[in-house]
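Colleague: Got a sequence here, can you build the structure:
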Amino acid sequence: MATFKQEHKLDTILKKAAEFHGHLGPFLVIGVRMGLIGIRELKAKENDNELRVTAMLEYSVPFSCVIDGIQVATKCTLGNQKLKLIDSPEIAAEFELQQIEKVTVTVNPTTFSRLKNRLLSENVSQEETQKLANMIASLPEEELFTVENK
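Modeller: Below is the predicted model of the structure:
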């Protein structure tokens with residue numbers, strides 16, 4: 001269960017991510033949450049120079065929106081070359097600290113398949129997109145993701 005401090009931090013980062021990305025959408029929220037989990041699991045400091053991320057996803061909209069969420073949450077970007085992309089049918093990210101510790105955060109395929117029709121519907125209004133984003137922000141972590149420490 002998230003504490004008030006964690007919820008406040010998530011809200012703050014989601015606002016920054018929406019400003020950076022252009023709007024708040026479900027895949028952006030997934031990326032932010034993945035980034036925060038990776039940082040937490042590795043006990044990385046904010047803006048840690050040794051943190052590296054490999055995002056594995058389909059490189060097309062809306063899936064690629066996950067990338068912006070990860071970038072905002074971790075400060076690992078394509079530009080500073082701390083973020084790499086691998087084309088993949090799943091949505092996952094591997095976080096690595098000092099080439100020693102690794103954690104992989106994967107979107108739970110069962111949960112994703114339940115949400116997929118709503119997330120990928122062509123006629124989703126901006127209001128519905130916002131509702132979906134807020135729902136994903138509030139889903140329990142263990143329902144939305146699997147986390148594997150290596």
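
Colleague: Can you list the low-confidence ranges for the chain?
Modeller: By pLDDT under 70, the weakly predicted segments of the chain are 1-8.

Colleague: Let me know the helix or strand that the residue nearest the centre of it is in.
Modeller: A centroid search over the chain (CA atoms, centre = their mean) returns Gly31, at 1.5 Å, as the residue closest to the centre. According to DSSP states H and E, Gly31 maps onto helix 26-42.

Colleague: now the helices: where do they sit in this structure?
Modeller: 4-21, 26-42, 65-74, 109-119, 126-138, 141-144 (DSSP state H).

Colleague: Next, format those helices as CSV and append distance to Phe95.
Modeller: Heads up, the C-betas are built off the backbone N, CA and C, glycines and all. Formatted as CSV, these follow (distance: least, CB to CB, whole Å):
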stretch, distance to Phe95
helix 4-21, 16
helix 26-42, 3
helix 65-74, 8
helix 109-119, 20
helix 126-138, 20
helix 141-144, 15
